[in-house]
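>>> coords please:
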Amino acid sequence: MEEILSTTDPTVIAFATALLRGEDIECFVMDVHMSIMEGSIGIFPRRMMVARRDAFRARAILRDNDIELAG
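Numbers count the residues shown, from 1 in each chain. The predicted structure follows:
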């Protein structure tokens, strides 16, 4: 798995997930349950992961839709 996106904005995660699933790219969002640790204030970023074989295409899709990618 490879990280392609890291954000504290849940709407960006939802949009990116919809875009990738629309292109048949499976993605997994990590750190979703960190709100328990942080008290639901949204300071810890959520990370979106995809399979390495899909990473190049996933990054291109997100970039084409003006979503800022992880490092």
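>>> quick one: low-confidence parts of the chain?
35-42, 71 (pLDDT under 70).
>>> Strands of that one, residue ranges please.
2-7, 27-30, 46-50 (DSSP state E).
>>> of all the ones you listed, which lies closest to residue 62?
Residue 62 sits nearest to strand 2-7 of all the strands of the chain, at 6.5 Å, using Cβ to Cβ. Backbone N, C-alpha and C define where each C-beta goes, glycine included.
>>> Return the distance of the closest one from the chain's centre.
Mean C-alpha position of strand 2-7 versus that of the full chain (Cα atoms, centre = their mean, to the nearest Å) differs by 5 Å.
>>> Extract the C-alpha set from it and format it as CSV.
Only the C-alpha atoms of strand 2-7 are listed here, as CSV (Å, rounded to 0.1, in the frame of the first residue of the first chain):
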residue,chain,number,x,y,z
GLU,A,2,1.1,3.5,-0.7
GLU,A,3,0.0,6.8,0.8
ILE,A,4,-1.4,9.2,-1.8
LEU,A,5,-3.3,11.7,0.3
SER,A,6,-3.1,13.1,3.8
THR,A,7,-5.7,15.7,5.0
